[in-house]
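Visitor: Let me see the structure of the following:
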Amino acid sequence: MIVTRDFVLINLPKTGTTFVRTVLKEYFKNNLFKNYKFKELLLPRKQRILGQSQLISDKDQHGIVSQIPLKYKNRRKVSITRDPLTRVNSFYSFGWWKKEPPIDVNLIKEEFENFPNLTIDEYLFIYKNYIKRSLLPERYWELNIGPQTIQYIIFYSKNPLEYFEYLLVNNKKPNLKNPQYFDDILFLRMENLNNDLFDLLIGLGYSKKKLERLLDRKPINVSNSDEVELTEDQKKVIRELERPIYDLHNFYS
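Guide: Residues are numbered from 1 along each chain as shown. Presented below is the predicted three-dimensional model:
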């Protein structure tokens, strides 16, 4: 989580947050923006918020809305969003699930003996059925919600656990615009990240001259693995699982 005088940046993984964090650190720490306050907060891993204790001592840069310190609560909240289709492709290509399987690897091998050498279809089976188990307490595994929608709730809800309980008890589908559980957040679009970040900073009064090189900056932390071409059936599965995100952001891909 990055805190500036004007906004708090929430870092949702695999959306280009490394790029934004790097740019902001360079600009602030090199005094290109004088008299502007900047700090990076490393906070307890989000599992602690959900009552999961296995990572309780770990801290990272992926702080969530419900962890924003009280003195910064009223600052504008900014984050980055990405089409769930390309984000799934990034998950698959990046391969973190090979080193950190969402459930016991022996259970996965009962389904797929060739694990971790999975096709995209086999990965989507894991994506749909197992990843939620690494994100949520067991009580909420029956919720019919895609992994990215679960992440959105964890990262952006004022009280994630309370909202998951509300969805379970009332048999509701997630509404990521519900003001009772979600504050207004300004989302930059990953596909237009340089320009969106430029416009944000210019709109806040930062020097246009000092920001001009931002428009030509190259992406950071891009996977070297080849992405796969999703079929229409695969796209349909992802869109249905992550429908609340599409309802929020109106992606068309």
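Visitor: Going by neighbour count, which residues of stretch 169-178 are buried?
Guide: Pro174, Leu176 (16 or more other CB atoms under 10 Å). The C-beta positions use only the backbone N, C-alpha and C, and glycine is treated the same way.
Visitor: same question for it, mean pLDDT?
Guide: Here stretch 169-178 scores 97 as its mean pLDDT.
Visitor: Please state the offset of it from the chain centre?
Guide: Taking CA atoms, centre = their mean, to the nearest Å, one finds stretch 169-178 lying 19 Å from the centre of the chain it belongs to.
Visitor: Ok, stretch 103-110 next?
Guide: 26 Å.
Visitor: likewise stretch 5-16?
Guide: 9 Å.
Visitor: Tell me which residues are up against stretch 118-130.
Guide: 88, 91-92, 97, 102-103, 108, 111-112, 114, 146-147, 228, 230, 234, 237-238, 241 (CB atoms under 8 Å, 6 or more residues apart in numbering).
Visitor: Apply 6 Å and report the result again.
Guide: Tyr92, Pro102, Ile103, Phe112, Val228 (CB atoms under 6 Å, 6 or more residues apart in numbering).
Visitor: and if you look at stretch 63-77?
Guide: 1, 3, 7-8, 41, 43, 46, 155-156, 158-159, 183, 185.
Visitor: Just the terminal-to-terminal distance for that stretch.
Guide: Using CA to CA, to the nearest Å, the end-to-end distance of stretch 63-77 comes out at 12 Å.
Visitor: buried ones in that stretch?
Guide: Under the neighbour-count criterion of 16+ other CB under 10 Å, stretch 63-77 has Gly63, Ile64, Val65, Ser66, Gln67, Ile68, Lys77 buried.
Visitor: ok so, going back, any chance of the contacts of stretch 118-130 in TSV with pLDDT as columns?
Guide: Shown next, in TSV, are the contacts of stretch 118-130 (pLDDT from 0 to 100):
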residue	pLDDT
Tyr92	95
Pro102	92
Ile103	93
Phe112	96
Val228	88
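Visitor: Just the buried residues of the residues you listed.
Guide: Tyr92, Pro102.
Visitor: Next secondary structure element downstream of the helix ranked longest in the chain?
Guide: For the chain, the helix that runs over the most residues, judged by DSSP state H, is helix 17-29. Downstream of helix 17-29, the first helix or strand assigned by DSSP states H and E is strand 38-40.
Visitor: What is that next one packed up against?
Guide: strand 2-4 (3 or more CB pairs under 6 Å, 6 or more residues apart in numbering; DSSP states H and E).
Visitor: Given the strand it packs on, what are its sheet partners and their directions?
Guide: Sheet pairing here is set by DSSP bridges, and for strand 2-4 it gives strand 7-9 (antiparallel), strand 38-40 (antiparallel).
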